[in-house]
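K.L.:
I need the structure of the sequence given here:
(one chain, ligands or ions: 4)
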Amino acid sequence: MLTAATLVASILALHLPSPVIAQSVFAHVFIGNTAGYGVAQWTSDIKLAAKYHIDGFVLNIATPYDGTTSTQLSLAFQAIDALPASVSFKLLLSFDYLGGAGAWVDADVIKIMKTYGPNGAYFHVDGKPMVSTFEGPSNSNIQDWLYINGSIPGGIYFVPDWTSLGSEGFSTDLVDGAFSWDMWPDGPENVSTVADSAWVDWLSPARKSYMMGVSPMFYTDLPAYNKAWVWRGDDTWWRRWQQVLEVLPEFVEIVTWNDFGESHYVGPIYHPGVPNTPTANATAYVDGYSHQAWLRTLPYQIAAYKHAYNPTNPAPKVAKDKIVYWYRNAPATAGNTKVTGNNCKSDINLFGYQTCFAVSDVLQDSIFAIVLATKSVTATISIGSGEPTVFLNLTAGINFISRPFSGETGKVKVSLSSGAHGEGPAIVSEPVRGVANFNAYVQCAGGC
Ligand SMILES: *[C@@H]1O[C@H](CO)[C@@H](O)[C@H](O)[C@H]1NC(C)=O
Ligand SMILES: *[C@@H]1O[C@H](CO)[C@@H](O)[C@H](O)[C@H]1NC(C)=O
Ligand SMILES: *[C@@H]1O[C@H](CO)[C@@H](O)[C@H](O)[C@H]1NC(C)=O
Ligand SMILES: *[C@@H]1O[C@H](CO)[C@@H](O)[C@H](O)[C@H]1NC(C)=O
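P.N.:
Numbering: from 1, shown residues only. Ligands and ions are numbered 1, 2, ... in the order given. Below you'll find the model as predicted:
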């Protein structure tokens with residue numbers, strides 16, 4: 001039956017750019033780090049992500065397919081099927097062309113998409129299953145995707161990450177959208193939207209979508225993988241979500257849920273997924289460094305994005321005052337390390353390509369915090385027995401504050417005039433055993 005409302009809706013739909021189902025926020029999950037997960041652990045992770053308003057997981061899968069990858073995919077989909085009807089959560093796949101045993105074989109991709117693409121738990125756009133990649137930008141890989149798309153009845157909604165080619169590095173005719181892995185600050189610079197804007201400027205005239213990456217930090221010290229560098233975290237979790245409001249991409253991908261070796265996980269620490277060999281051991285910098293408090297800011301940030309993207313979505317609202325605060329526990333100059341500021345060439349970073357900086361030129365010795373307030377509040381942050389720094393007149397909604405270590409050491413204490421009090425691990429002048437650790441303690445106080 002054609003009512004006035006459906007008529008208006010169908011006329012509007014004609015004028016809306018594809019994709020019509022946009023404004024979704026995903027988190028990037030490395031299946032390689034979930035070996036040993038059972039359905040119960042998948043269910044628990046999915047419920048946690050859904051609780052903080054993440055719409056779905058992008059499951060990064062590497063070759064070979066048979067074995068852990070196929071088992072874990074099956075378990076993840078089983079977990080969605082077992083969710084209570086009140087929890088809506090989707091999965092989509094990102095085929096990793098750099099990790100594992102190398103590029104994917106077309107027949108495996110087709111088999112996987114024929115199996116999972118039609119599943120109700122799979123994320124669809126315009127009736128097609130959305131598919132992403134991690135790299136795979138060679139000409140032959142690109143040709144593979146035309147063949148894969150043609151082999152799936154109805155085709156796929158294809159949003160690869162071919163960041164190494166750059167925006168304008170391939171024809172928009174080949175894709176439905178693009179995802180950019182370029183989401184961290186360069187050296188001492190603030191994280192910027194220069195790369196995002198270039199992608200959007202190229203994609204949107206062709207009516208293709210953009211998936212923007214948001215990551216809180218990046219710190220890795222795994223010599224066996226030729227990786228020992230840091231990119232600035234500091235205010236990035238705040239700044240990047242603000243940038244989402246400027247760019248207004250169709251999709252956001254949080255990087256990551258569970259990459260422990262690169263320290264940008266926001267999901268629970270799962271010990272078997274933490275690199276732990278004599279030459280690639282992240283245990284010392286991951287153990288005891290839960291990042292889950294970062295999830296606490298997400299409902300507000302995600303609502304702000306969806307409302308800005310489409311004002312018919314509800315405006316963001318703070319339910320309870322809280323302060324989410326994070327910091328490294330020692331000055332950036334303290335302790336021994338071979339870690340460099342930026343991914344620049346060193347005897348460990350054999351493939352480094354950026355300008356080298358001292359870590360202390362990249363990282364700020366400060367405590368950073370997001371305050372979510374129902375009405376105007378005052379916040380304080382103190383270190384040890386030092387005088388608290390007072391932040392007056394924070395506004396209802398979301399606020400960002402920070403204060404430098406200023407040479408002080410001792411426990412970090414925070415408070416809000418509306419009643420929250422929190423205490424985090426001590427800032428020290430020398431790290432444990434004299435070894436630098438640039439991971440962040442992330443804490444929440446108040447209505448967390
Ligand atoms: C993918 O397949 C669909 C359905 O057959 C088709 O409409 C679309 O043009 C294909 N995409 C590309 C890039 O070839
Ligand atoms: C980063 O942005 C802040 C303001 O938000 C500014 O004070 C600071 O100078 C900027 N840093 C750099 C390196 O541009
Ligand atoms: C990895 O580091 C942890 C913490 O320092 C240590 O307990 C463990 O023995 C190390 N593992 C290996 C395989 O060296
Ligand atoms: C800021 O807070 C102080 C102390 O609570 C108060 O006296 C002052 O009126 C506030 N200023 C504004 C502009 O709200």
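K.L.:
Show the pLDDT at the closest residue to ligand 4 within the chain.
P.N.:
Closest contact between the chain and ligand 4, by CB to the nearest ligand atom, is at residue 393 (3.8 Å). In this view, the C-beta of every residue, glycine as well, is placed from N, C-alpha and C. Residue 393 carries a pLDDT value of 97.
K.L.:
Then residue 432?
P.N.:
89.
K.L.:
what does the one 10 residues further on give?
P.N.:
The predicted structure scores residue 442 at 98 on the pLDDT scale.
K.L.:
mind listing what's buried in stretch 375-394?
P.N.:
377, 379, 380, 381, 382, 383, 389, 391, 394 (16 or more other CB atoms under 10 Å).
K.L.:
Wait, a strand at residue 211?
P.N.:
Yes: under DSSP: H, G, I helix; E, B strand; the rest coil, residue 211 falls within a strand.
K.L.:
Would you agree it is in contact with residue 176?
P.N.:
No: with contact defined as CB atoms under 8 Å, residue 211 and residue 176 do not form a contacting pair (10.4 Å).
K.L.:
what is in contact with the two at once?
P.N.:
Counting by CB atoms under 8 Å, 6 or more residues apart in numbering, the contacts common to residue 211 and residue 176 are residue 159.
K.L.:
can you map out the helices along this protein?
P.N.:
4-15, 39-51, 68-81, 106-116, 139-151, 194-203, 236-247, 283-286, 298-309, 359-362 (DSSP state H).
K.L.:
Residue 33 is nearest to which of these?
P.N.:
helix 68-81 (9.8 Å; CB to CB).
K.L.:
What residues sit buried inside the closest one?
P.N.:
Those would be 68, 69, 70, 72, 73, 75, 76, 77, 79, 80, for helix 68-81 by 16+ other CB under 10 Å.
K.L.:
dump the residue contacts of the second one.
P.N.:
Just to be clear, that refers to residue 69. With CB under 8 Å, 6+ apart, residue 69 has these contacts: 31, 61, 62, 63, 100.
K.L.:
Next, format these as CSV and append pLDDT and distance to residue 371.
P.N.:
Output for these, formatted as CSV (pLDDT from 0 to 100; distance: CB to CB, whole Å):
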residue, pLDDT, distance to residue 371
31, 97, 36
61, 98, 38
62, 97, 40
63, 96, 45
100, 91, 42
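K.L.:
Residue 321: which of those residues is nearest?
P.N.:
residue 31 (37.5 Å).
K.L.:
List the contacts of that closest one.
P.N.:
Applying CB under 8 Å, 6+ apart, the residues near residue 31 are 59, 60, 61, 62, 68, 69, 72, 73, 76.
K.L.:
what does residue 289 give?
P.N.:
263, 269, 439, 440, 441, 442.
K.L.:
do residue 41 as well
P.N.:
34, 270.
K.L.:
same thing with residue 300?
P.N.:
Here residue 300 is in contact with 316, 317, 318, 372, 397, 398 (CB under 8 Å, 6+ apart).
K.L.:
Around the closest residue to ligand 2 within the stretch 1-150 of the chain, how many other residues sit close by?
P.N.:
Ligand 2 sits closest to residue 25 of the stretch 1-150 of the chain, with a gap of 23.9 Å, by CB to the nearest ligand atom. Number of residues near residue 25 (other CB atoms under 10 Å) recorded here: 22.
K.L.:
what sits opposite the residue lying closest to it once chain neighbours are set aside in the beta ladder?
P.N.:
Closest residue to residue 25 in three dimensions, ignoring its sequence neighbours and counting by CB to CB, 6 or more residues apart in numbering: residue 252, at 4.6 Å. Note on residue 252: beta-bridge partners by DSSP bridges are residue 25, residue 212.
K.L.:
which parts of the stretch 151-300 of the chain sit against ligand 2?
P.N.:
188, 189, 190 (CB under 6 Å from any ligand atom).
K.L.:
Most neighbours among those, please name it.
P.N.:
That'd be residue 188 among these, by other CB under 10 Å, with 15 neighbours.
K.L.:
what distance separates stretch 67-82 from the centre of its chain?
P.N.:
22 Å (CA atoms, centre = their mean, to the nearest Å).
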